[in-house]
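Asks: I need the structure of the sequence given here:
(one chain, ligands or ions: 1)
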Amino acid sequence: MSSLTLSNLTASYGQTPVLMRVSAEFSPGRLTVLAGPNGCGKSTLLKAIMGFLPKMHGDIILDGQPIGQIGRRRLARRIAYLPQESFCPDYMTLGELVELAGYSRYALVGGPSDRDRQLFRKALETVGLADKAHLQVNTLSGGQRQRAWIAMVLAQDTDIILMDEPVNHLDVKYQYAVLGLVRALVRQHGKTVIMVLHDLNLAATFADDIVLMNAGHILATGPVSATITSENIARVFDLDADIFPHDGRLVCLPRLAPSASASA
Ligand SMILES: Nc1ncnc2c1ncn2[C@@H]1O[C@H](COP(=O)(O)OP(=O)(O)OP(=O)(O)O)[C@@H](O)[C@H]1O
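Replies: Numbering: from 1, shown residues only. Just a heads-up that it's a prediction; the model follows:
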């Protein structure tokens, strides 16, 4: 089980900072959703944790150790990262892609262990692609491809999982299946999950905590019930929305502008 702390993190690609003095704590056994308008810095926050940003100040601490001091192979055993877009060479099959997930665990000579192979199989079963391992990834549909990448991240079997809009291309059944599975991993194995999601209803259903961002700042952070509020949605998204409980979870329903309502 691992925890991750960000203190006063400022990061930029060029001259202008994209993240400004961001501080947050991500605890084991919690699923945190990052939400906020397009371009506010959510993906950049995940990339910063992975050490992909050219310019950064502040601290990222993984279990008491600055993350920059952890070698890439060791880091890959601790943190799995699913970017917003991924690229796979044409020749690679789904089975081969998922096997790459175990690469950081393999001995320098030798290949996957029996446990690794079990993890690969389980990951493919979880995303409903067990019968497609022999197919080239690029011949799968968009949603199936996304599920393939999710399988790869699950098979990496790390304590911390970062996912950038993981269910974007998925049909509604797999959106719920994948997020339900990730939440089960959090609950049963104490994983630390940080996930970018645009759909506030999915966020309210599956997250423990929400981090609301705007223009490189964190505007609100905390449990779902404290963060998904009409006031916060107005502040962060400039949007009027009704929030109400339904069947044990919160529902967020944006209001229609008068000109768009049915009676107009
Ligand atoms: N590789 C890059 N080089 C320069 N600027 C970048 C780069 N990637 C992102 N940015 C800029 O950083 C800012 C934050 O981008 P980021 O992708 O983190 O936003 P986001 O909140 O994830 O947005 P979205 O919801 O649209 O995915 C934006 O202004 C974007 O233009």
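Asks: ok now do the closest residue to Tyr106 other than its chain neighbours, which residues does it touch?
Replies: Closest residue in space to Tyr106, ignoring its immediate chain neighbours: Pro112 at 6.6 Å, by C-beta to C-beta, 6 or more residues apart in numbering. For glycine as for every other residue, the C-beta is placed from the backbone atoms N, C-alpha and C. Residues in contact with Pro112, defined by C-beta atoms under 8 Å, 6 or more residues apart in numbering, are Glu99, Gly102, Tyr106, Phe120.
Asks: okay, now the first one: neighbour count?
Replies: Number of residues near Glu99 (other C-beta atoms under 10 Å) recorded here: 21.
Asks: helix or strand for it, which one?
Replies: helix 94-100 (DSSP states H and E).
Asks: pLDDT below threshold where in this protein?
Replies: Low-confidence segments of the chain (pLDDT under 70): 107-109, 260-264.
Asks: buried stuff in the helix ranked longest in the chain?
Replies: For the chain, the helix with the greatest residue count under DSSP state H is helix 172-189. Under the neighbour-count criterion of 16 or more other C-beta atoms under 10 Å, helix 172-189 has Tyr174, Gln175, Ala177, Val178, Leu179, Leu181, Val182, Arg183, Leu185, Val186 buried.
Asks: again with stretch 15-22
Replies: Going by neighbour count (16+ other C-beta under 10 Å), the buried part of stretch 15-22 is Pro17, Val18, Leu19, Met20, Val22.
Asks: filter those residues by proximity to the ligand?
Replies: Applying C-beta under 6 Å from any ligand atom, the subset of these adjacent to the ligand comprises Val18.
Asks: and which of the buried residues of stretch 15-22 is nearest the ligand?
Replies: Using C-beta to the nearest ligand atom, Val18 is the member of the buried residues of stretch 15-22 that sits closest to the ligand, with 4.1 Å.
Asks: Validate this expectation: the closest one resides in a helix.
Replies: No: if the criterion is DSSP: H, G, I helix; E, B strand; the rest coil, then Val18 is strand and not within a helix.
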